[in-house]
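Novice: give me coordinates for this.
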Amino acid sequence: MTTNFFLFSLALGVATGALGSYIAEKKGRTHRFGFVIGFLFGLIGVLGLLLMVKKPQKEDSTDVSK
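Specialist: Numbers count the residues shown, from 1 in each chain. From the prediction side, this is the model:
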């Protein structure tokens, strides 16, 4: 394996990880989760993140006016 191929693979993994991080954040997941999925699984992982259902926001249960 040449150095150029290794660096290209690493750059591609970081790029898909960054894209996965962005998509995961828009879907209500953590940045770390999206980066790991994108980095490890590449474009397949990014497609999987795109197909995920948006996570519902938690309601604030500290309302004392009830």
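
Novice: mind listing what's buried in the longest helix belonging to the chain?
Specialist: The longest helix of the chain (DSSP state H) is helix 3-26. Neighbour-count burial for helix 3-26, counted by 16 or more other Cβ atoms under 10 Å, picks out 13, 16-17, 19-24. Using the backbone N, CA and C atoms, a C-beta is placed for each residue, glycine as well.

Novice: cool, and stretch 43-62?
Specialist: In stretch 43-62, counting by 16+ other Cβ under 10 Å, buried: 45-46, 49.

Novice: and for that stretch, what's in contact with it?
Specialist: The contact list for stretch 43-62 (Cβ atoms under 8 Å, 6 or more residues apart in numbering) reads 16, 19-20, 23-24, 26-29, 34, 37-39, 41.

Novice: in a markdown table, list the buried residues of helix 3-26 along with pLDDT and distance to residue 57.
Specialist: Converted to a markdown table, these look like this (pLDDT from 0 to 100; distance: Cβ to Cβ, whole Å):
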| residue | pLDDT | distance to residue 57 |
| --- | --- | --- |
| 13 | 96 | 31 |
| 16 | 97 | 27 |
| 17 | 96 | 25 |
| 19 | 96 | 23 |
| 20 | 96 | 21 |
| 21 | 96 | 19 |
| 22 | 96 | 18 |
| 23 | 96 | 17 |
| 24 | 95 | 15 |
